[in-house]
Structure formats: structure tokens, C-alpha cells
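Student: Got a sequence here, can you build the structure:
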Amino acid sequence: MATIKDIAKMAGVSVTTVSKVINNYPDISQKTREKVIKIIEQENYHPNAIARSLSTNKSHSIGIFFTDHFNSGLRHPFFRDIIYGIERTFFQKGYDLILFANQWGERFSYTEKCKNRNVDGAILMGMPRTDPYLDKLVNSNIPTVFVDLDLIGKNASYVISDNITGARKAVNYLYEIGHRKIGMIMGHRITKPAQDRLIGFQKEIDELNLTYNPKWIVGTEFGENGGYLAMKELLKLEDRPTAIFCQGDEIAIGAMKAIEEKGYNVPDDFSLIGFDDIEISRYITPGLTTIRQDKLTMGRKAAELLLEIINNPYRTYPPIILPTKLIERDSCRPLNISKK
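Tutor: Below is the predicted model:
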């Protein structure tokens, strides 16, 4: 098996030059780079990862921290696609991913985990802003990108969807098809997306001069059971909303079940609109109208942003805010405005 010295000798260059080509240093001419790469491919040479990390002080590995209160892991219908976008981007750049195990509510030092495994950077998603260990990570020198969590530090920034505008799109859509009594089932208030979607909901309600009825706003968890229980509370009201904005698609699916159990129908009796556009939303009956987040792009942008921070540390990196899109399906019914 060829060594780095063998590759250098065949190419007629120094070992240092071969190392720079392997690690993509810019101060190598294109001609020399192509020559070395050709020999590396011919000899099927694979640089030793440990030796490379010692020489470059980089492990070419990225730590991924993900948690949710259901402990659903990679089965989570929203974060699963984001992680795929992350993995695909880092694979193309020669990085490996380390998925750190975590359990909701346990004491967990992200900083120590990163240092112990010598990762070049970390991406975190699903953590509440109240997690006491986040600030320590933000204030460390570890390059970090957060997803759906608005934290910025000397080597940290975040990627998030425009949840405020997305919520406004949902309310405006319901208004445009005739609804004037619009409620909302919201997720955990301690999360950034839930807070922003509440802000967007309130802003659009005010903009359209609609009645803001606090009884029509029910807090719950991001999940089917939360949506089911919250919708049961709304169904107890004598004066009910005709349309409900659900802050997540899983919430909407649970709400739909509660409505059907009571003998009502979606969309004939209640119109529902979700948020996320998870895969199952297009297959349920009726198909769920929702606000789409581009999850693959979120993952790709998070990976690209982290690579920027790794390669150019100690700069200010503004957050990346991605647009959302309204996806019309069959869970909303137009109302005759003259009857409202």
C-alpha cells in the first residue's frame, strides 16, 4: 500500500505539497494539484485520518446534537430531512458526522462532548432556549450552527425559517377564503419557532382587523397527541373558530382525529392548516394544507455556514433566514363571506 512519501516521490514533489493537496490548501498550482490527485487515484491512496488530524489539527468530523421531548431520534419527520441535507453536504466535503446521544432533561455538556471527540464543529437542533449548557457552547471557540434556535457568538450563528411570515401567510390564506373566526394550536412556547409563529399570527390578525380571542389559542406540544388534546379543548367551546392554524403538521393531524371522533368533518366543519409540510401531509385524507419549510435546504445551509465558520473563524456571521411557501391541499374550505 502506497504511503504519502511514495505519492510525493512519484509526483516529484515534497510530502508537504502532497499534504496540502489532500487538505485542499489554496497555495498549490492547479497543474501540481491535478498531477498529485491523479497519482493518488491511481495508487488508491487513502490518507490516515488520525495522522491527518495531527498534522492539520482538524479531525474532519462534525458533531450533531439533536433532541426532542419524544426522544424520537432520526424518526422525527421534520429534523430527519434536515439531517439528511447536512450529511449530504458534509459527505461531499470529506467530513464524517458524529451523532451524539442525548436524552431530554438530562444534564448534558455540549462543549465537553465536542472537545472529547475533537470535532471541528457542531450543529444543534431541537433544544429549548432554556437549556443551561447552550450559553457555554456559544461562548466557547467551537464553531457552532444552531437550527431553529437564535443564538449568535464569536464562532456561532443559526439557520431558521421565516416563521413570522409563514404564520402570517397561513392566517391570510384563511382570511382570503372567507374565514373570520381563526384560532391557533401552538407548540412549546419555549421554542423559537413557536414564539415567532405566535407573533406572526397576532400581527396578521391585527392587520386584518380580526377578533383576537384568547380562548381560541391553545398551547400544547409539537406532536399528534398534543394536537388531539388541544382540539378537544376547542371543541368544548360554544363559540368556536371555523378555521385553526396549527403550528405543526403533526399537531394538525392530531386535531383532525379529535374533530372526526366528535362526528365533525375536515374541511366541511373546520378548516385546518399546518406548518412544516412533512411527508405524510400529502398522503392523509384530506391532504393537509400547510406552510412548507425547505428542510433539505435548511440542512445544506447549516452545513455550509458551519464550514464557513470553521475555515474563517472569529468573524461575524449573520443568521440565515429561509422563506416559507404555502402549499394548498384539501383541508381548508372556502366560506361564503356574506354569511359571516
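
Student: only C-alpha atoms for contact and neighbour calcs from this point on.
Tutor: Fine.

Student: What are the buried residues along stretch 239-254?
Tutor: 240-254 (16 or more other CA atoms under 10 Å).

Student: and C114, what is it in contact with?
Tutor: C114 makes contact with 63, 121-122, 142 under the criterion CA atoms under 8 Å, 6 or more residues apart in numbering.

Student: In space, what's closest to F66 - neighbours in sequence excluded?
Tutor: Nearest residue to F66 in three dimensions, chain neighbours excluded: M125, at 5.1 Å (CA to CA, 6 or more residues apart in numbering).

Student: What of Q195?
Tutor: R189 (5.8 Å).

Student: Name the SS class of the one you found, please.
Tutor: Under DSSP: H, G, I helix; E, B strand; the rest coil, R189 falls in the coil class.

Student: any weak-confidence spans in the chain?
Tutor: Along the chain, segments meeting pLDDT under 70 span 1, 24, 47-57, 68-75, 101-108, 337-340.

Student: any chance you could map the strands in it?
Tutor: Per DSSP state E, the chain carries strands over the ranges 61-66, 96-100, 121-125, 144-147, 156-161, 182-186, 217-219, 243-246, 271-276, 289-292, 320-322, 325-327.

Student: The fourth one - contacts with which helices or strands?
Tutor: In other words, strand 144-147. strand 121-125, strand 156-161, helix 295-311 (3 or more CA pairs under 8 Å, 6 or more residues apart in numbering; DSSP states H and E).

Student: ok now that strand, how far from the chain's centre?
Tutor: Centroid separation for strand 144-147 versus its chain: 9 Å, with CA atoms, centre = their mean, to the nearest Å.

Student: follow-up on the earlier one: quick check: phi and psi at the residue nearest to Q195.
Tutor: phi -70, psi -20 (degrees, to the nearest 10).

Student: isn't it right up against I199?
Tutor: No - R189 lies out of contact with I199 (CA atoms under 8 Å); the separation is 11.3 Å.

Student: Find the centremost residue of the chain, please.
Tutor: V147 (4.8 Å; CA atoms, centre = their mean).

Student: measure that one to G126 for me?
Tutor: Distance of V147 to G126, given as CA to CA, to the nearest Å: 8 Å.

Student: Relative to the whole chain's centre, how far out is stretch 226-233?
Tutor: On CA atoms, centre = their mean, the centre of stretch 226-233 falls 25 Å from that of its chain.

Student: cool, stretch 30-39 as well?
Tutor: With CA atoms, centre = their mean, you get 38 Å for stretch 30-39.

Student: Okay, buried residues for it please.
Tutor: 32-33, 36-37, 39.

Student: cool, and stretch 301-311?
Tutor: Applying 16+ other CA under 10 Å to stretch 301-311 flags 301-307, 309-310 as buried.

Student: neighbouring contacts of that stretch?
Tutor: Here stretch 301-311 has contacts from 86, 89-90, 120-123, 143-147, 155-156, 158-159, 315, 317, 320, using CA under 8 Å, 6+ apart.

Student: One more pass at 7 Å, please.
Tutor: Under the contact criterion CA atoms under 7 Å, 6 or more residues apart in numbering, stretch 301-311 has outside partners 86, 89-90, 120-121, 143-145, 155, 159.

Student: hey, C-alpha coordinates of that stretch in CSV?
Tutor: The C-alpha atoms that make up stretch 301-311 are tabulated as CSV, following Å, rounded to 0.1, in the frame of the first residue of the first chain:
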residue,chain,number,x,y,z
LYS,A,301,-27.3,25.9,4.6
ALA,A,302,-26.5,24.9,8.2
ALA,A,303,-23.6,22.7,6.9
GLU,A,304,-22.3,25.4,4.5
LEU,A,305,-22.5,28.0,7.2
LEU,A,306,-20.5,25.8,9.6
LEU,A,307,-17.8,25.2,7.0
GLU,A,308,-17.5,29.0,6.6
ILE,A,309,-17.1,29.4,10.4
ILE,A,310,-14.5,26.6,10.6
ASN,A,311,-12.4,27.9,7.7
